[in-house]
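A.B. asks: need a 3D model of the sequence below.
(one chain, ligands or ions: 2)
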Amino acid sequence: MAVITDQAFVTLATSDGYGQGALVLGSSLRGSQTTRILVILISPMVSQRVRTALACVFDEIIVVDVMDSRDSAHLALLGRPELGVTFTKLHSWCLIKYTKCVFMDADTLVLNNIDNLFEREELSAAPDPGWPDCFNSGVFVFRPSMDTYHRLLDFAVDYGSFDGGDQGLLNSFFSDWATKDIHKHLPFLYNLSSVAVYNYLAAFKRFGSQAKVIHFLGPVKPWHYTFIPDTHLVLTDTGKPKEPHIVDLLQLWWDVYFSSVMPLFTNPEEGCILPTTWPRSQDSLSTNWQNVGQHPEKYTPRGSLASIEECPKLETQIFGENYVPQPDPAFIASRGELGELRCPVTEQETERPAATSKATRGEGMDRRKWEEGHIDYLGKDAFSNIQKKLDQFLQ
Ligand SMILES: O=c1ccn([C@@H]2O[C@H](COP(=O)(O)OP(=O)(O)O[C@H]3O[C@H](CO)[C@@H](O)[C@H](O)[C@H]3O)[C@@H](O)[C@H]2O)c(=O)[nH]1
Ligand SMILES: [Mn+2]
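C.D. replies: Ligands and ions are numbered 1, 2, ... in the order given. Okay, here's the model as predicted:
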């Protein structure tokens, strides 16, 4: 299986939590037998322990500065105060030693080989489930280019992002995505958001088994749940299982975590235990995926891990010779406001939703309820209230 060295899957983790997600994503990509390089951008906040595990899964680990939109007004509208740091994704365009890349959020899981995405052009992405004329920025095909990188930063300074995160920015920048070229529309199955279960259950039941990538979009991520290995049960924060299809999706994620990621942490002092084979999508993930909606006992337990290998020595790389990790000083001088995009390292670590302030937690919960289809039409979600919010926003 020849590796194509000028093309890469790229993900991002600015904290250990998202690092866990990235480990599952990377393992699932290995399981899909991809022939592309796996790259992760991390912030200096990611712990050594998680970096060591990441080095077992990813070909290249790159430490980058965190960029933050610090756009609390728009992020509040989204109910996700923590997402300003997703501007850090923009660093992906600096990976110019690759000619083409596929960016994937750390909360995605690959069920089947998706290497054919590299046949697509920049910027190809799937529709966002909340507003399908926008693309979701959790999975997208792009061409690294310092020129595009600087133009994106420029654009961010001039116009900001309508949602405070990278998705708003990228949709404004690649603004003809919705209408210009249908080849740049990836099928929804390449970025099947778990909220689709609530949005359109019938379609999920009809087409869901063909999914290639699951995206655990929203404030509560798979690593926020508790997984009981003996029973393969996923528990929510309230202790009760959620909607059965969501539990099935979470179990897919946890199966990969349990079989491929946990062993990486078994003995961090003496290197880690590597799975001899990554679970292959065809004979494991997909089998379980076909069983979605069935009883949990139909899940095939993952094979046990046979041999112990030394974890490859961690090589944290800063970008290659041509990489410019920050805009050059002249650029900053011409754009004093660029400071707005940066935030000191100590402020980068985002907390899981339970640890956020009461006010923001309230907004997060509202969004979550909304996403789960529990909409308070007569109360706070009444049209008059939404209209008020829209008016405030548009002013
Ligand atoms: O503290 C953080 C937050 C995010 N990320 C990375 O940024 C991605 C996006 O954040 P995520 O929490 O996955 O956002 P979503 O819930 O998926 O929300 C949507 O909105 C975001 C902001 O616009 C977009 O980045 C997402 O692609 C889009 O799906 C993550 O997967 C990570 O790779 C971090 O590393 N650290
Ligand atoms: Mn995401």
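
A.B. asks: run the contact check for the longest helix anywhere in the chain versus ligand 2.
C.D. replies: Counting residues, the longest helix found in the chain (DSSP state H) is helix 16-31. No - using CB under 5 Å from the ion, helix 16-31 stays clear of ligand 2, with a minimum separation of 8.4 Å. Yep, even glycine has a C-beta here, placed from its N, CA and C like the rest.

A.B. asks: what about that helix, near ligand 1?
C.D. replies: Yes - interface with ligand 1: helix 16-31 contributes Tyr18 (CB under 6 Å from any ligand atom).

A.B. asks: and the residue of the stretch 51-200 of the chain at minimum distance from ligand 2, how many neighbours does it have?
C.D. replies: Nearest residue of the stretch 51-200 of the chain to ligand 2, counting by CB to the ion: Asp105, 3.4 Å away. Asp105: 25 surrounding residues under other CB atoms under 10 Å.

A.B. asks: avg pLDDT for the following helix or strand past the longest helix of the chain?
C.D. replies: Counting by DSSP states H and E, the next helix or strand C-terminal to helix 16-31 is strand 36-42. Throughout strand 36-42, pLDDT has a mean value of 94.

A.B. asks: ok, back up a step: which neighbouring elements make contact with the longest helix of the chain?
C.D. replies: strand 4-13, strand 36-42, helix 48-57, strand 108-110, helix 244-256 (3 or more CB pairs under 8 Å, 6 or more residues apart in numbering; DSSP states H and E).

A.B. asks: how about the CA coordinates for that helix, as CSV?
C.D. replies: C-alpha atoms of helix 16-31 as CSV (Å, rounded to 0.1, in the frame of the first residue of the first chain):
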residue,chain,number,x,y,z
ASP,A,16,-6.3,17.1,25.9
GLY,A,17,-10.1,16.6,25.6
TYR,A,18,-10.0,17.3,21.8
GLY,A,19,-6.8,15.3,21.8
GLN,A,20,-8.8,12.2,22.8
GLY,A,21,-11.2,12.9,19.9
ALA,A,22,-8.2,13.2,17.6
LEU,A,23,-6.8,9.9,18.7
VAL,A,24,-10.1,8.2,17.8
LEU,A,25,-10.3,10.0,14.5
GLY,A,26,-6.7,9.1,13.7
SER,A,27,-7.3,5.4,14.7
SER,A,28,-10.4,5.3,12.6
LEU,A,29,-8.5,6.7,9.6
ARG,A,30,-5.8,4.0,10.1
GLY,A,31,-8.6,1.5,10.3
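
A.B. asks: next, the angle from that helix to helix 244-256.
C.D. replies: On the basis of axes from the mean of the first three to the mean of the last three CA atoms, to 10 degrees, helix 16-31 is oriented at 80 degrees to helix 244-256.

A.B. asks: pull out the buried residues from helix 16-31.
C.D. replies: Across helix 16-31, burial judged by 16 or more other CB atoms under 10 Å covers 16-31.

A.B. asks: now do stretch 139-150
C.D. replies: Residues 139-142, 144-145, 148-150 are the ones in stretch 139-150 that count as buried (16+ other CB under 10 Å).

A.B. asks: same deal with stretch 127-138?
C.D. replies: 127-130, 134-138.

A.B. asks: just stretch 201-208 next, same as before
C.D. replies: 204, 208.

A.B. asks: for the stretch 51-200 of the chain, what lies in contact range of ligand 1?
C.D. replies: 82-83, 85-86, 105-107, 136-138, 163, 165-167.

A.B. asks: what's the burial count for the residue lying closest to Leu23 once chain neighbours are set aside?
C.D. replies: With sequence-adjacent residues excluded and distances taken as CB to CB, 6 or more residues apart in numbering, Leu23 is closest to Val261, at 4.5 Å. By the criterion of other CB under 10 Å, Val261 has 22 neighbours.

A.B. asks: name the SS class of Val261, please.
C.D. replies: Secondary structure for Val261, judged by DSSP: H, G, I helix; E, B strand; the rest coil, is helix.

A.B. asks: touching, it and Ala22? I think so.
C.D. replies: No - using CB atoms under 8 Å, Val261 is not in contact with Ala22, being 9.7 Å away.

A.B. asks: could you work out the most separated pair of the residues of the stretch 51-200 of the chain next to ligand 1?
C.D. replies: Greatest spacing in these, by CB to CB: Ala106 and Asp163 (18.5 Å).

A.B. asks: who does His215 bridge with?
C.D. replies: Taking DSSP bridges as the rule, His215 bridges to Thr108, Ser193.

A.B. asks: and what of Ser124?
C.D. replies: In this structure, Ser124 bridges to Val141 when assessed by DSSP bridges.

A.B. asks: residue contacts, it?
C.D. replies: For Ser124, the contact set (CB atoms under 8 Å, 6 or more residues apart in numbering) comprises 117, 140-141, 183-186.

A.B. asks: again, 10 Å this time
C.D. replies: The contact partners of Ser124, taken as CB atoms under 10 Å, 6 or more residues apart in numbering, are 102, 117, 135, 139-142, 174, 177, 181, 183-186, 190.

A.B. asks: before we move on, back to that, closest to ligand 1 out of the residues of the stretch 51-200 of the chain next to ligand 1?
C.D. replies: Proximity of these to ligand 1 (CB to the nearest ligand atom) peaks at Gly165, which lies at 2.4 Å.

A.B. asks: up against ligand 2, what does this protein have?
C.D. replies: 105, 107, 138, 217.

A.B. asks: look at the last one and report its pLDDT.
C.D. replies: Meaning Leu217. Reported pLDDT for Leu217: 94.

A.B. asks: one more: the one 5 residues further on?
C.D. replies: At Pro222, the pLDDT value in this model is 85.

A.B. asks: and it, how many residues sit next to it?
C.D. replies: Neighbour number of Pro222 under other CB under 10 Å is 23.

A.B. asks: for it, what are phi and psi?
C.D. replies: phi -60, psi -30 (degrees, to the nearest 10).

A.B. asks: hmm, back to that, as TSV, the buried residues of stretch 127-138 with secondary structure would be great.
C.D. replies: Below are those laid out as TSV (three-state DSSP):
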residue	secondary structure
Pro127	strand
Asp128	coil
Pro129	coil
Gly130	coil
Cys134	coil
Phe135	strand
Asn136	strand
Ser137	strand
Gly138	strand
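
A.B. asks: much appreciated, bye for now.
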